[in-house]
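Colleague: Provided below are the primary sequence and the corresponding predicted coordinates.
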Amino acid sequence: QVQLVESGGGLVQAGDSLRLSCAASGRTVSRYAMGWFRQAPGLEREFVAAISTSGDNTGYADSVKGRFTISRDNVKNTVYLQMNSLKPEDTAVYYCAASIVLDTNVQGYGYWGQGTQVTVSS
């Protein structure tokens, strides 16, 4: 079992920055690829970013490429999502998730956090 707890969400203005954190516990988290997903009201959960076990490989949705950066600290068992130049359309609940392999699909992740709300006002 892997337990994931997100933090760092909040209400910001367009153009601001936020850093989300995902603290992991349980099995050795360094064995898992990690991902960030988001879900806006009435929409399906969508991929945002993912990072390999070592952190050497990352992937991003086109909508956030160049603005968001995913990173991980395997000593602290924590994954981060640095979000810059935020837009109102980034408003959503953000979830972190753990997977055996680096994946962009929701179905590929077996462990999920409870989510943290990010609201970007215009």
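Modeller: Sure, I can see it.
Colleague: mind checking the SS state of the residue nearest the centre of the chain?
Modeller: The centroid of the chain falls nearest to Trp36 when counting by Cα atoms, centre = their mean (2.4 Å). Here Trp36 is recorded as strand under DSSP: H, G, I helix; E, B strand; the rest coil.
Colleague: Distance of it relative to Ser121?
Modeller: Distance, Trp36 to Ser121, by Cβ to Cβ, to the nearest Å: 21 Å. From N, CA and C alone the C-beta is placed, and that goes for glycine too.
Colleague: thinking again about what came up before, measure how buried the residue nearest to the residue nearest to the centre of the chain when sequence neighbours are not counted is and give me the count.
Modeller: Counting by Cβ to Cβ, 6 or more residues apart in numbering, the nearest residue to Trp36 once its immediate chain neighbours are dropped is Val48, at 4.3 Å. Close neighbours of Val48, defined as other Cβ atoms under 10 Å, add up to 25.
Colleague: quick one, strands of the chain?
Modeller: 2-7, 10-13, 18-26, 33-39, 46-51, 58-60, 68-73, 78-83, 92-99, 111-112, 116-121 (DSSP state E).
Colleague: Which strands border the last one, and is each parallel or antiparallel?
Modeller: If you go by DSSP bridges, strand 116-121 pairs up with strand 10-13 (parallel), strand 92-99 (antiparallel).
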